[in-house]
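J.: This is a predicted model, with the sequence first.
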Amino acid sequence: MNTSRIVVVGSYNHDVSLAVARLPAPGETCLSQGRLESPGGKGSNQAIQAARAGAGVAMVAAVGLDGPGDAALALWEENGIETTGVMRLADVGTGMAMILVDAAAENVIVVDAGANARLAPAHVEAAANLIGASRLVVAQLETPVAATIRAFELARAAGAATLLNAAPAPDFVDPALIALTDILVVNEGEGQAISGHPDAAAIGEALLQRAREAVVVTLGAKGAMLFRRHQPSLSLAPPAVEVVDTTGAGDAFTGAFAARWVADGNAAAALAWGVAAGALACTARGAAAACADGRRIAALAGTG
Ligand code: RIB
């Protein structure tokens, strides 16, 4: 069994993704050009990417006692992810996401949280042994904040670092959660929602006052910026790839960044891995299905 160095506290969704020529206007019906049902959920996508990038990963999540829940467990086990922290709930369905992907490879996503909304601090406490043995706890905003705060408290008590990917964009983020965050990863929309600033540099500088160690602002086709205390910011453009579907690209960034960072704390190399993994995730349809392995990421990033 892997020594689990990253614990992901987060969501799993059954993604139903429809390809459309263009996104429909309100009240309009349009025909799909193809359907893909595949594993998703920001937490699971990040866990899959971190595991494929070479990290030992454990998942703390809640799924239903249904077919999609079975598929989640099978996916995690296939990818060598520790699943003893996964709850099966009999009275609620596994999370689901409805996704439209247009001809320009952009997407819109609606998530029905299902079992994800029931992940509770008590579930996290039942996985305290996993968190205590980890180096990094990773979370997002698709599962209840109370559970994430408890996970981050346990991480701090155990000397593990914490990474919050503040996605989807929040109306409000509990200051207690940010105060427990070492590394904060946001895209420009999420960063603006939290900081009130419109551009990446201002977002990074403002949020660095609140996160303990580093802030990453992802910029889609423009790559990402890294902000650290007492160091100049780093900016990295992505390598050119043929973009098919951007669903899960941010998750691939976060998972690969986490896996590379936990290896030796080299944040610049982690940025390069995140940008490369995000680019590779755009070259195939689906979220978890599009996560590349560490060999391809290292080759594209130009760094081991
Ligand atoms: O970030 C992409 C993910 O967002 C999809 O897999 C979907 O499930 C939603 O969680």
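T.: Structure received.
J.: that's a helix at Ala277, yeah?
T.: Yes: looking at Ala277 with DSSP: H, G, I helix; E, B strand; the rest coil, it is inside a helix.
J.: tell me the contacts of it?
T.: The contact partners of Ala277, taken as C-beta atoms under 8 Å, 6 or more residues apart in numbering, are Gln49, Ala53, Ala252, Phe253, Gly255, Ala256, Phe257, Cys291, Ala292, Ile297. Quick note: C-beta positions are derived from backbone N, CA and C, even for glycine.
J.: where does the last one sit relative to Phe172, distance-wise?
T.: Here Ile297 is placed at a distance of 34 Å from Phe172 (C-beta to C-beta, to the nearest Å).
J.: and the two? which has more neighbours close in?
T.: For Ile297 versus Phe172, the count of surrounding residues by other C-beta atoms under 10 Å is larger for Ile297: 29 against 8.
J.: what's the distance between the helix or strand in which that one is found and the middle of its chain?
T.: Following DSSP states H and E, one finds Ile297 within helix 294-301. Remark: helix 294-301 is offset 19 Å from the chain centroid, using C-alpha atoms, centre = their mean, to the nearest Å.
J.: buried stuff in it?
T.: Residues Gly294, Arg296, Ile297, Ala298, Leu300, Ala301 are the ones in helix 294-301 that count as buried (16 or more other C-beta atoms under 10 Å).
J.: Pretty sure the second one sits against Leu280.
T.: Yes: applying C-beta atoms under 8 Å, one finds Arg296 in contact with Leu280, separated by 6.1 Å.
J.: ok, now how distant is Val26 from the ligand?
T.: Wrong residue type there; residue 26 is Pro, not Val. 22 Å (C-beta to the nearest ligand atom, to the nearest Å).
J.: I'd like to know how far Gly80 sits from Ala47.
T.: Look at Gly80 and Ala47: by C-beta to C-beta, they are 10 Å apart.
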